[in-house]
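K.L.:
Need a 3D model of the following:
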Amino acid sequence: MANALKKKINVKQSNELTEAAYHLSLKAKRVLWLCLMQTYFTDEDESANPVFTVAVSDYEDIFNVTRNQASRDVKEGVFELSRSSIIFYPKSGRHDVIARPWLTEAGGRSSKGLWEIEFNHKVLPYLYVLGNQFTTYSLRDCGSLKNPRTVRLYESLCQFRSSQIWVTSHDWLSERFMLPDSQKANLAELKRTFLEPALRQINDKTPLSVSYQAESSGKLIFNIHQKQ
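P.N.:
Residues are numbered from 1 along each chain as shown. Down below sits the predicted model:
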């Protein structure tokens, strides 16, 4: 993947994955990104391979950390993914909420700095995006964001770049971002300790310029603009 990485460091993420409920640490999220990057270069007529190879050297190069740090981060990120589940909210079918484990198996070759990660086959369709319901963004644009929930907010905002407005709710953010109880219970606390610091980071470090309004009803309205 190294040659591809030099050309373009983009992630293509399905809207279902963006809207799912999960909370991963930054290390695990970065490992997931390294897998999503590989689907970006997949042709639509290729079959979806459940096994992804994650190289410590790619993590080191993209996220600008030492080799030792990259090795530790990838290992911890892979182990976290192996323990974690993701919750989907399908718009049709028998269930309106489904929980699935991310991985089937993960194996590492320490001497080569490589991990082979096999995703749950029921999660796989959300990783390989072959339709038009997806969002593309660059890791160069958001790689400096250090808080995993700020990253998730950025991904959600990117989904609505073309319309320039995203209307959501306190309850939706609480559920999908798995926010702590203090932020779930109190909109003012959510604004003070999550939304406002997160938007300062996004406005400072990414190509987006975002403002928002919070209504007493719990509705949140984000105005999204691309910086010139």
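K.L.:
what about stretch 119-138, average pLDDT?
P.N.:
Averaging pLDDT along stretch 119-138 yields 85.
K.L.:
Endpoint to endpoint, it covers what distance?
P.N.:
Distance across stretch 119-138, first residue to last, is 23 Å (Cα to Cα, to the nearest Å).
K.L.:
Need the per-residue pLDDT for S82.
P.N.:
On the pLDDT scale, S82 is placed at 97.
K.L.:
does S92 belong to a helix or a strand, and which?
P.N.:
In the assignment (DSSP states H and E), S92 maps to no helix and no strand.
K.L.:
Report the central residue of the protein.
P.N.:
Within the chain, the residue whose C-alpha comes closest to the C-alpha centroid is R152; the distance, by Cα atoms, centre = their mean, is 5.5 Å.
K.L.:
Which neighbouring elements make contact with the helix or strand harbouring that residue?
P.N.:
Using DSSP H and E, R152 falls within helix 148-159. On a contact count with 3 or more Cβ pairs under 8 Å, 6 or more residues apart in numbering; DSSP states H and E, helix 148-159 meets helix 15-19, helix 26-40, strand 134-138, helix 139-142, strand 165-169, helix 196-205, strand 208-214. For the C-beta atoms, the positions are set from N, CA and C on the backbone; glycine is no exception.
K.L.:
mean confidence for it?
P.N.:
Across helix 148-159, the average pLDDT comes to 95.
K.L.:
Off-centre distance for that helix?
P.N.:
Going by Cα atoms, centre = their mean, to the nearest Å, the spacing between the C-alpha centre of helix 148-159 and its chain's C-alpha centre is 7 Å.
K.L.:
Pull out the CA atoms of it and give them to me as CSV.
P.N.:
The C-alpha atoms that make up helix 148-159 are tabulated as CSV, following Å, rounded to 0.1, in the frame of the first residue of the first chain:
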residue,chain,number,x,y,z
PRO,A,148,-11.7,10.3,18.9
ARG,A,149,-15.1,11.9,19.4
THR,A,150,-13.9,15.1,17.7
VAL,A,151,-12.9,12.9,14.8
ARG,A,152,-16.3,11.3,14.6
LEU,A,153,-17.9,14.7,14.7
TYR,A,154,-15.7,15.8,11.8
GLU,A,155,-16.7,12.7,9.8
SER,A,156,-20.4,13.5,10.4
LEU,A,157,-19.9,17.1,9.3
CYS,A,158,-18.1,15.9,6.1
GLN,A,159,-21.1,13.9,5.2
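K.L.:
tell me the angle that helix makes with strand 208-214.
P.N.:
100 degrees (axes from the mean of the first three to the mean of the last three Cα atoms, to 10 degrees).
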